[in-house]
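Participant: Just need the structure, nothing else, for what follows:
(one chain, ligands or ions: 2)
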Amino acid sequence: MADINIEEARANIGKKGFLDLDIDVNLDLFAEIERLKKEKNAIILAHYYQEPDIQDVADFIGDSLGLAQKAEKTDADIIVFAGVHFMAETAKILNPGKKVLLPDLNAGCSLADSAPRELFRKFKEKYPDHIVISYINCSADIKVLSDIICTSSNAEKIIESLPKEQKIIFAPDKNLGAYLIKKTGRDMILWNGACIVHEIFSMEKITKLKIRHPKAKVIAHPECEEPVLRLADYIGSTTSLLKFSKEDSAMEYIVATETGILHQMQKQSPYKTFIPAPPDNMCACNDCPYMKLNTLEKLYLCMEYEEPQIIMDEQVRLAALKPIQRMLEISRSYGL
Ligand code: 13P
Ligand code: SF4
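Facilitator: Residues are numbered from 1 along each chain as shown. Ligands and ions are numbered 1, 2, ... in the order given. Model prediction:
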């Protein structure tokens, strides 16, 4: 390690959001990360949208529900969360006694940012007879104001578990909300948030790709806008898209979600072709700028120095735990 000034780097986490230290270029980061996992009894939980190298060193790769369920059960002393802030925060809410590390604290989420606490509190006050179902992609402050949390893989079941006459606010994703209104027939009040990755797929470019690959199936995440979902042959959470792409008989897929998932799709179905659905900009594929803030280098540094950590106010944690536990209980009752 060259020129380490760990104290200075630690003091700068507040400003930078990560440990900014030089790493010896000769260091085998894969081997070092394996060593640190064993020495510290640490587990790496990674979302499918992480870069391939991070997915390859992870102990568990999953969607938001799978990651929360894994975090609930782990007996590791340290949870290293290779994902975004709301995911690591959820792991901390479930594990107050464990260290939860996030390689870069700047790894936020446009959906979580779309719902600031005070605006959401005022919005909620307008509908006193509604219960609040919030997508897990929100801050702990919004979880505190919610009755049940959901993810894209259990949202339908969570809604169906409530009596038909129950009035519902769904936050913060308006696209997922609109999709769920269609699927469940429930008339929910929607918060006006969206994912910057899933709302910029280009209909024109996807249509052109479909013409060039007539046998390809379009598979899409429900955070996509309605016109993209209308084009899709299959809609589901990241885990569900991965399972479908493995079990389905087609050989080509146009994948309308963040490109990180293609790594697992290609690994699990090496003879199939996966084409990332292009966004409405100059890029050919669609990366989440927050997810991609985590790098193998930052992952190694956060494990070596056990920083940056997720630190939470205990009252907020306890209040945010309730709707998460409700989600996990309902999921269990449906065998999810
Ligand atoms: P899932 O992991 O639930 O599929 O959600 C995707 C996502 O956008 C996570 O940020
Ligand atoms: Fe948030 Fe969208 Fe990135 Fe997921 S892909 S973390 S929803 S901005």
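Participant: how much space between Gln166 and Val132?
Facilitator: Separation of Gln166 from Val132 (CB to CB, to the nearest Å): 11 Å. To be clear about C-beta, it is placed using only N, CA and C from the backbone, and glycine gets the same treatment.
Participant: Neighbour count: these two, which is higher?
Facilitator: Legend: neighbour count by other CB atoms under 10 Å for Gln166 and Val132, higher for Val132 (22 against 14).
Participant: Which of the three states applies to the more buried one?
Facilitator: strand (DSSP: H, G, I helix; E, B strand; the rest coil).
Participant: Next, the contact list for it, please.
Facilitator: By CB atoms under 8 Å, 6 or more residues apart in numbering, the contact list for Val132 reads 124, 145-148, 168-169, 171.
Participant: got a list of what the residue nearest the centre of the chain touches?
Facilitator: In the chain, the centroid-proximal residue (CA atoms, centre = their mean) is Ser64; its distance is 5.0 Å. By CB under 8 Å, 6+ apart, the residues touching Ser64 are 47, 87, 136-137, 151-153, 237.
Participant: Please list which of these also come close to ligand 2.
Facilitator: Asn137 (CB under 6 Å from any ligand atom).
Participant: will you turn the contacts of Ser64 into CSV that also has neighbour count, pLDDT and distance to Ala68?
Facilitator: Formatted as CSV, the contacts of Ser64 follow (neighbours: other CB atoms under 10 Å; pLDDT from 0 to 100; distance: CB to CB, whole Å):
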residue, neighbour count, pLDDT, distance to Ala68
His47, 26, 98, 11
Met87, 27, 98, 8
Ile136, 27, 98, 7
Asn137, 27, 98, 12
Thr151, 25, 98, 7
Ser152, 27, 97, 12
Ser153, 20, 96, 11
Ser237, 23, 97, 12
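Participant: Which of the contacts of Ser64 fall in strands?
Facilitator: Counting by DSSP state E, those place His47 in strands.
Participant: about what we covered before: of the contacts of Val132, which is the nearest to ligand 2?
Facilitator: Ala171 (13.2 Å; CB to the nearest ligand atom).
Participant: Which residues does the closest one form beta bridges with?
Facilitator: Note on Ala171: beta-bridge partners by DSSP bridges are Ser134.
Participant: list the contacts for it?
Facilitator: 115, 120, 132-135, 138, 142, 146, 177, 190-191, 193.
Participant: now do Lys143
Facilitator: Lys143 touches 93, 134, 149, 319-320, 323-324, counting by CB under 8 Å, 6+ apart.
Participant: Just put those residues in CSV and tack on pLDDT and secondary structure.
Facilitator: CSV is the format used below for the contacts of Lys143 (pLDDT from 0 to 100; DSSP: H, G, I helix; E, B strand; the rest coil):
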residue, pLDDT, secondary structure
Ile93, 98, helix
Ser134, 98, strand
Ile149, 98, strand
Ala319, 98, helix
Ala320, 98, helix
Pro323, 98, helix
Ile324, 98, helix
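Participant: Which one (most neighbours) among those?
Facilitator: Ile149 leads these on contacts (other CB under 10 Å) with 31 neighbours.
Participant: So which residues on the stretch 151-300 of the chain come close to ligand 2?
Facilitator: So the stretch 151-300 of the chain meets ligand 2 at 195-197, 258, 288, 290-291 (CB under 6 Å from any ligand atom).
Participant: give me the subset of those residues touching ligand 1.
Facilitator: Cys195.
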